[in-house]
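Chemist: Have a look at this fold, sequence not included:
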């Protein structure tokens, strides 16, 4: 029988957390579940751990070459059989009633997408906080494309809606030929959800947290470089070219584009300063003067905030 939900877990060198993620997916109540684990050419025991689970509920796809997070998830989408698709990062978990609540809310509204609040778990202390204020979601029964784009501005706050882990009706994904951008190593989740919304998907908001975003203290920070932001700008340009946006979404996109260009200029200035090339740093700053405002706080602090604002994972937690 076709399951209610297919969890897609992309795994790359995730032996420390993969079993926990799989067990939390299998622990869903009120829905039938299959778990599709895609091993992205791991060099640790990730593949063996996935294969150790019963094959009736776990299907393992072992890629022949590393395709990155977008490519691994696309392989999972192709293998999935459930009515709904839920992406779960290999180092995160979900609450047992998450999918039942989200599917119920979506189907009552006739929506094809659902998002929920997120618990941020600091693993060293064993507790955390809720990512978004409950009052925010109480005012937001549905997430529009303009809402989503407008939340995803670089350097604006600690967390944005790009952290959300939506569930999608699989028929809607297939009817609209939706797939992750395999060229993006950062920001592939953003483009996927934005594209789904731009294609007419209705997205309801479940205000209670169901997804647990785990933070492991001591992880090596991702090195963010200009080319990461340039890739995001290129993906955004393709998105705008391929979809018709209403006035509110166009306005939000213009703000996001400015923020990404400021971020690229800021990273260029930082790179030149680290290389003690003051002339090039000054040139980069002059070409984008608004980027200079980000130098008001310590560079390391600003880089950490930048990483959070685009949803970048630490290096040892990313496919």
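Modeler: Nice, I can see it. These numbers were taken from a predicted model, which means no experiment stands behind them.

Chemist: now the helices for this protein?
Modeler: Taking DSSP state H to define them, one finds helices in the chain at 18-26, 46-51, 68-79, 98-109, 134-138, 145-151, 170-175, 188-198, 226-242, 247-274, 278-287, 299-309.

Chemist: wait, which of those helices is closest to residue 90?
Modeler: Ranking the helices of the chain by proximity to residue 90 (CB to CB) places helix 18-26 first, at 5.1 Å. Glycine gets a C-beta too; all of them are placed from N, C-alpha and C.

Chemist: and that closest one, what does it pack onto?
Modeler: strand 5-11, strand 33-39, helix 46-51, strand 93-94 (3 or more CB pairs under 8 Å, 6 or more residues apart in numbering; DSSP states H and E).

Chemist: how about a cut-off of 10 Å?
Modeler: The contact analysis (3 or more CB pairs under 10 Å, 6 or more residues apart in numbering; DSSP states H and E) places helix 18-26 against strand 5-11, strand 33-39, helix 46-51, strand 58-62, strand 93-94, helix 98-109, strand 203-215.

Chemist: quick one: low-confidence parts of the stretch 101-250 of the chain?
Modeler: The stretch 101-250 of the chain contains residues with pLDDT under 70 at 126-127, 155-158, 217-224.

Chemist: got the helices of the chain as a markdown table, with distance to residue 91 and mean neighbour count columns?
Modeler: Shown next, in a markdown table, are the helices of the chain (distance: least, CB to CB, whole Å; neighbours: other CB atoms under 10 Å):
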| stretch | distance to residue 91 | mean neighbour count |
| --- | --- | --- |
| helix 18-26 | 7 | 20 |
| helix 46-51 | 11 | 20 |
| helix 68-79 | 12 | 22 |
| helix 98-109 | 17 | 19 |
| helix 134-138 | 24 | 12 |
| helix 145-151 | 23 | 21 |
| helix 170-175 | 24 | 16 |
| helix 188-198 | 15 | 23 |
| helix 226-242 | 20 | 16 |
| helix 247-274 | 25 | 18 |
| helix 278-287 | 35 | 14 |
| helix 299-309 | 16 | 16 |
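
Chemist: Buried ones in stretch 122-137, by neighbour count?
Modeler: 128, 131-132, 137 (16 or more other CB atoms under 10 Å).

Chemist: Could I get the residues you listed in JSON lines, plus columns for distance to residue 83?
Modeler: JSON lines is the format used below for the buried residues of stretch 122-137 (distance: CB to CB, whole Å):
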{"residue": "128", "distance to residue 83": "31"}
{"residue": "131", "distance to residue 83": "27"}
{"residue": "132", "distance to residue 83": "27"}
{"residue": "137", "distance to residue 83": "25"}
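
Chemist: Farthest-apart pair in those residues, please.
Modeler: 128 and 137 (17.4 Å).

Chemist: quick one: which of the buried residues of stretch 122-137 is nearest residue 51?
Modeler: For the buried residues of stretch 122-137, the residue nearest residue 51 by CB to CB is residue 128; the value is 31.2 Å.

Chemist: can you tell me how far the closest one sits from residue 208?
Modeler: 15 Å (CB to CB, to the nearest Å).

Chemist: Please apply the same query to residue 142.
Modeler: Separation of residue 142 from residue 208 (CB to CB): 16 Å.

Chemist: Could you do residue 245 as well?
Modeler: Distance from residue 245 to residue 208, by CB to CB: 31 Å.

Chemist: Could you provide the helices of the chain in CSV, with additional columns for distance to residue 90?
Modeler: Listed next are the helices of the chain as CSV, based on distance: least, CB to CB, whole Å:
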stretch, distance to residue 90
helix 18-26, 5
helix 46-51, 8
helix 68-79, 10
helix 98-109, 17
helix 134-138, 26
helix 145-151, 24
helix 170-175, 21
helix 188-198, 14
helix 226-242, 21
helix 247-274, 27
helix 278-287, 37
helix 299-309, 19
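
Chemist: Nearest to residue 32, out of these?
Modeler: Residue 32 lies closest, by CB to CB, to one member of these: helix 98-109, at 9.9 Å.

Chemist: And that closest one, how far out from the chain middle?
Modeler: 20 Å (CA atoms, centre = their mean, to the nearest Å).

Chemist: Report how far apart the opening and closing residues of stretch 151-159 are.
Modeler: For stretch 151-159, the first-to-last residue distance is 9 Å (CA to CA, to the nearest Å).
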